[in-house]
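Asks: Need the 3D shape of this:
(one chain, ligands or ions: 2)
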Amino acid sequence: MQSVKESALFRPFAYIDGNWVAADSGEQIDVDNPANGEILGRMPRLGGAETERAIEAAEAALPGWRNHTALERADILMKWYELMLEHKDELAAIMTAEQGKPVKEAAGEIVYAASFMRWFAEEARRIYGDTIPAANTRQRIVVTKQPVGVVGAITPWNFPSSMITRKAAAALAAGCTIVIKPASQTPFSATALAALAEQAGVPRGVFNVVPGKASEIAKAMTDSSVVRKVTFTGSTEVGSSLMANAAQHIQKISLELGGNAPFLVFEDADLDAAVEGAIASKFRNAGQTCVCTNRFLVQSSVINAFSEKLAAAMNSELKVGDGFEDGVNIGPLIDGDAVAKVTDHIKDATDKGAQLLLGGHEHSLGGRFFSPTLISHATPEMKVASEETFGPLAAVFPFETEEEAMRLANDTQFGLASYFYSKDLGRVWRVAEALEYGMVGINTGLISNASAPFGGVKASGLGREGSKYGLDEYLETKYLCIDLGTNEG
Ligand SMILES: NC(=O)c1ccc[n+]([C@@H]2O[C@H](COP(=O)([O-])OP(=O)(O)OC[C@H]3O[C@@H](n4cnc5c(N)ncnc54)[C@H](O)[C@@H]3O)[C@@H](O)[C@H]2O)c1
Ligand SMILES: O=C[C@H](O)CS(=O)(=O)O
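Replies: Residues are numbered from 1 along each chain as shown. Ligands and ions are numbered 1, 2, ... in the order given. I've put the predicted structure just below:
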């Protein structure tokens, strides 16, 4: 396999107005491979001035892009979709090299990322309005939908491709133009998407990528009255700050933030199915996923059986290593801080009485590799109960009754994803309605797909991405009141 850096999609440049550019200052970001710490490449480290130029380019491109027909926009998005699939392996290799996830999982993310291109290509042609019966015979009421305009987007490192396409595909389908700041840990996945955008025929200025100084770039976006929408995926802390800054120009905002997913196992659950779902919902991307289970809440009558089965599955199914190695399904964590946080959560829990059933330490491979860990007898006083671990730690908490389970599950500032296993139809409806989360997986641990509204409540964010609802985030509703005058000539 060719080296990642030999790929034509490996672009160590920012992308503004259809041009591949360096930073004005000449500064660069060292991007390393989390599996070995080696420098993969260097990306220009842009700041506010370059971001302002990107916003100007997006503004200049807006009239032309907005005036494309929906079919023309759809065709370009579909071409982009096809190119992503055609180059799936190259894109996956770039992602594994800069983010660390196993290459099969990276390829799966590329397919998922591309699915947003296809989904919103189809949705682009179904942006409907309304006619509403007027209160008098002279008037006609019409409701139309129009693109918000220039969009500023900031995305995280854990899903470096799909978090971009989940925004950009919807924005472009709606007729908007966009300036994207990717995470500094994973900028090459973003510029690879830009290279394919060019090939797909996305006009210059419509899609711009500005890697670099997060605070400066974000400030340029929220200080601009041209930017009419800010969309962010990342931590709740940063999202809250962006929301405050977006207020100065009343920018529309959508936020996909942190999570603390409960995974409930009731006494009537299919335990084998629950363990399968637990592995899927906990260890995807080595636990570095916003919808990863953070707390396993298990009814006491089945907690021993569930814990034993989960420990056996973790032992037999999870292999830690370099994401390019065959059979590996748990790659390295993104950086040293991530290793320290998992270590801290485990120590805090065991100091407060949790029992270590599996793992509990950094992996023998060293570096950023961490052993999948299972602890039991967890309690609400532990950090793992209230903080997002964002690593391969499964913590099992007991509960006695359904009411106690609901109280424990909802006892968090977050409200993104939740999961539960039960075969009792009445319980399924009671629990699904009582959970204070944007998304509920019922007898499944995998819920993410382009056709469904992805998003959370409370400290997990505002708005939805994907589905027909995801398009609304990039549209304004306009009301036309037409007076036909009298019919007396
Ligand atoms: N809800 C979702 O869909 C979703 C998806 C992925 C990640 N996340 C959340 O993101 C977090 C992990 O991702 P992360 O570590 O990249 O988050 P992060 O908030 O540190 O960074 C996210 C993005 O914001 C930028 N950023 C950092 N500080 C900033 C600032 N002061 N102003 C403007 N931008 C700034 C980063 O460079 C990056 O591009 C977790 O909490 C995870 O739950 C949520
Ligand atoms: O980290 C959270 C992302 O949204 C990943 S996914 O959409 O659940 O695949």
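
Asks: which residues touch the residue of the stretch 101-250 of the chain found nearest ligand 1?
Replies: With C-beta to the nearest ligand atom as the measure, G234 is the residue of the stretch 101-250 of the chain nearest to ligand 1, at 2.6 Å. C-beta coordinates here come from the backbone N, C-alpha and C atoms, glycine included. Applying C-beta atoms under 8 Å, 6 or more residues apart in numbering, we find G234 in contact with I154, T155, P156, A183, E256, L257.

Asks: Which residues of the stretch 301-450 of the chain lie near ligand 2?
Replies: Neighbours of ligand 2 within the stretch 301-450 of the chain, by C-beta under 6 Å from any ligand atom: S448.

Asks: What average pLDDT does stretch 401-421 get?
Replies: Averaging pLDDT along stretch 401-421 gives 98.

Asks: Secondary structure element holding the residue lying closest to L446 once chain neighbours are set aside?
Replies: In space, and not counting its chain neighbours, L446 is closest to A280: 5.1 Å by C-beta to C-beta, 6 or more residues apart in numbering. Assigning secondary structure by DSSP states H and E places A280 in helix 271-283.

Asks: what does A134 give?
Replies: Following DSSP H and E, one finds A134 outside all helices and strands.

Asks: Flag every residue of the stretch 151-300 of the chain that's near ligand 2.
Replies: By C-beta under 6 Å from any ligand atom, the part of the stretch 151-300 of the chain that sits against ligand 2 consists of N158, F159, T289, C290, V291.

Asks: can you tell me which of the residues you listed are in helices?
Replies: Taking DSSP state H, every one of these sits outside helices.

Asks: Can I get the residues you listed in JSON lines including neighbour count?
Replies: Formatted as JSON lines, those follow (neighbours: other C-beta atoms under 10 Å):
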{"residue": "N158", "neighbour count": "25"}
{"residue": "F159", "neighbour count": "28"}
{"residue": "T289", "neighbour count": "20"}
{"residue": "C290", "neighbour count": "28"}
{"residue": "V291", "neighbour count": "24"}
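
Asks: Could you single out the nearest of the residues you listed to F266?
Replies: Closest approach to F266 among these (C-beta to C-beta): V291, at 20.5 Å.

Asks: List phi and psi for the closest one.
Replies: For V291, the backbone dihedrals (degrees, to the nearest 10) come out as phi -100, psi 10.

Asks: which parts of this structure sit against ligand 1?
Replies: Residues of the chain lying near ligand 1 (C-beta under 6 Å from any ligand atom): 154-159, 163, 181, 183-184, 214-215, 218, 233-235, 238, 241, 256-259, 290, 388, 390, 416, 461.

Asks: if we go to 5 Å?
Replies: Within the chain, the residues that sit near ligand 1 (C-beta under 5 Å from any ligand atom) are 154, 156-157, 183, 214-215, 218, 233-235, 238, 256, 258, 290.

Asks: CA-only coordinates of the helix ranked longest in the chain in PDB, if you can.
Replies: With secondary structure taken from DSSP H, the chain has its longest helix at helix 103-124. The C-alpha coordinates for helix 103-124 follow below in PDB (Å, rounded to 0.1, in the frame of the first residue of the first chain):
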ATOM      1  CA  VAL A 103      -8.400   1.200   9.300                       C
ATOM      2  CA  LYS A 104     -11.600  -0.900   8.900                       C
ATOM      3  CA  GLU A 105     -13.400   1.400  11.300                       C
ATOM      4  CA  ALA A 106     -12.000   4.400   9.400                       C
ATOM      5  CA  ALA A 107     -13.300   2.900   6.200                       C
ATOM      6  CA  GLY A 108     -16.600   2.500   7.900                       C
ATOM      7  CA  GLU A 109     -16.500   6.200   8.900                       C
ATOM      8  CA  ILE A 110     -15.800   7.200   5.200                       C
ATOM      9  CA  VAL A 111     -18.900   5.200   4.100                       C
ATOM     10  CA  TYR A 112     -20.900   6.900   6.900                       C
ATOM     11  CA  ALA A 113     -19.500  10.300   6.000                       C
ATOM     12  CA  ALA A 114     -20.400   9.800   2.300                       C
ATOM     13  CA  SER A 115     -23.900   8.700   3.300                       C
ATOM     14  CA  PHE A 116     -24.600  12.300   4.400                       C
ATOM     15  CA  MET A 117     -23.600  13.500   0.900                       C
ATOM     16  CA  ARG A 118     -26.100  11.100  -0.700                       C
ATOM     17  CA  TRP A 119     -28.800  11.800   1.900                       C
ATOM     18  CA  PHE A 120     -28.700  15.600   1.500                       C
ATOM     19  CA  ALA A 121     -28.300  15.300  -2.300                       C
ATOM     20  CA  GLU A 122     -31.700  13.700  -2.200                       C
ATOM     21  CA  GLU A 123     -33.100  16.100   0.400                       C
ATOM     22  CA  ALA A 124     -31.900  19.100  -1.700                       C
END
